[in-house]
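**Q** sharing a model that was predicted from the sequence below.
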2 protein chains.
Amino acid sequence: MKARIYVTLKPDVLDPQGKAVFHSLQELGYSEVADVRIGRFLEIELTGEPADARLRLDEMCRRLLANPVIEDFRVEPA
Amino acid sequence: MKARIYVTLKPDVLDPQGKAVFHSLQELGYSEVADVRIGRFLEIELTGEPADARLRLDEMCRRLLANPVIEDFRVEPA
């Protein structure tokens, strides 16, 4: 099976990378852009269809893929 | 309006960041993981509901947000 994981900064956390992209878009003339936030997107392929895949993926996120202090994550089957 | 943009490496392009995460997951004992690919995920807020928003977002991707030589992108209204 395949899973998709979305890792985003928590809403209260500053996003300097997003701000940099926002300013570049403004300079390129895209004045309609009001805000940009940047996150990560992971595609994970698992062998078989493990029954506890969802739990294991949540655990991978908490242990390695995301920083739960400043980031939120969402796991979706692909 | 809000839009979500997913930027992923084209399937033929090597993903060293994904490989590093894959090996770390293996070392942590997640032997069911067969592959990891990592991409970017952008949330863009636009003022108003521009009629040509979709076209403009595609253009932003080609000009700044993605590298069309090695990356694919997908734009979705949020």
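**A** It's in.

**Q** backbone phi and psi for residue A:15, please?
**A** Phi and psi for residue A:15, reported as degrees, to the nearest 10, are phi -130, psi 80.

**Q** same deal with the one 5 residues further on?
**A** Note on residue A:20: its backbone torsions stand at phi -60, psi -40 [degrees, to the nearest 10].

**Q** and for it, the neighbour number?
**A** Neighbours of residue A:20 under the rule other CB atoms under 10 Å in any protein chain shown: 12. All C-beta spots, glycine's among them, are computed from the backbone N, C-alpha and C.

**Q** measure it to residue B:36 for me?
**A** To residue B:36, residue A:20 is 26 Å away according to CB to CB, to the nearest Å.

**Q** over to residue A:24?
**A** 29 Å.

**Q** ok, now which ones touch residue A:52?
**A** Contacts here follow CB atoms under 8 Å, 6 or more residues apart in numbering or on different chains; on that basis residue A:52 touches nothing.

**Q** ah, wrong one, I meant residue A:62
**A** Under the criterion of CB under 8 Å, 6+ apart, the contact list for residue A:62 reads residue A:68.

**Q** ok but it is inside a helix, no?
**A** Yes - the assignment for residue A:62 by DSSP: H, G, I helix; E, B strand; the rest coil puts it in a helix.
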